[in-house]
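S.K.: Give the three-dimensional model of this entry:
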Amino acid sequence: MLMVTPFLMLFLMFAVAGAGWLWAHVVQRRAGGVVIMDEPTGWRVRLPRTWPIFVGLGTTLGLGFIGTLFVGFATNGHPPLWLVVTATVVTYLGGVVGYAWQWRIVHSGDDDLVFFKGQRLLELPLTFGRVQRVLLHVADIQAVRVEAVEHHGRRGSTSYSYRPVLSVARLEPQVLADWSDKAKAEAFAGWLAKQLGVRQWLGA
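M.R.: As a prediction, this is how the structure comes out:
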């Protein structure tokens, strides 16, 4: 079980990512599929950098890989059953702890974009370098745009991610999210521009 754990976790990560894509593009198309919660004072959007399921699976994958190497080399490829069982339990328990840790962060609200309808205020999440809550008046938001970010791989490959960004008067641009899915970023940016009543929406 321990040896196949990294491959199983990798498969599950691709499966979850695929399910997320289907949810955003087929089932729930509103705002690119982000989680939107209506509240008496306005609404709240979850914009975590990483979802708990990926932290849990990634932690299990990493621990499984390390555990397999350790058990194999430490016993010359002939590990006793108790060592395999112990390493397997530690691997999966680590994944559970990683999931719980990220779940606590996500549900703390620190990664949420919050709109207060009565005051026309937008509270930005504590992501992308923001160490304290930033409150913006909607009147100061000039545009919602999508910024393409170029990433270079080790072998010369190039890929892009797409960031919904707020253009704000008297402030530097405020990044809200970073996704590999351009359609999702554009759908969210368009929804947000409509909610805020921003006239100008610049797509990537």
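
S.K.: longest helix anywhere in this structure?
M.R.: helix 81-107 (DSSP state H).

S.K.: Model confidence for residue 4, exactly?
M.R.: As predicted, residue 4 sits at a pLDDT of 83.

S.K.: for residue 94, that is, sorry about that
M.R.: So, for residue 94, pLDDT stands at 94.

S.K.: Relative to residue 51, how far out is it?
M.R.: For residue 94, the distance to residue 51 equals 18 Å [C-beta to C-beta, to the nearest Å]. C-betas here are computed from N, CA, C, even on glycine.

S.K.: Spell out, range by range, the strands that occur in the protein.
M.R.: Secondary structure of the chain by DSSP state E: the strands cover 35-39, 42-46, 112-116, 121-124, 134-137, 141-152, 158-168, 174-175, 200-202.

S.K.: Let's have those in JSON lines, adding mean neighbour count.
M.R.: As requested, these are exported to JSON lines (neighbours: other C-beta atoms under 10 Å):
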{"stretch": "strand 35-39", "mean neighbour count": "12"}
{"stretch": "strand 42-46", "mean neighbour count": "17"}
{"stretch": "strand 112-116", "mean neighbour count": "19"}
{"stretch": "strand 121-124", "mean neighbour count": "19"}
{"stretch": "strand 134-137", "mean neighbour count": "14"}
{"stretch": "strand 141-152", "mean neighbour count": "15"}
{"stretch": "strand 158-168", "mean neighbour count": "18"}
{"stretch": "strand 174-175", "mean neighbour count": "18"}
{"stretch": "strand 200-202", "mean neighbour count": "13"}
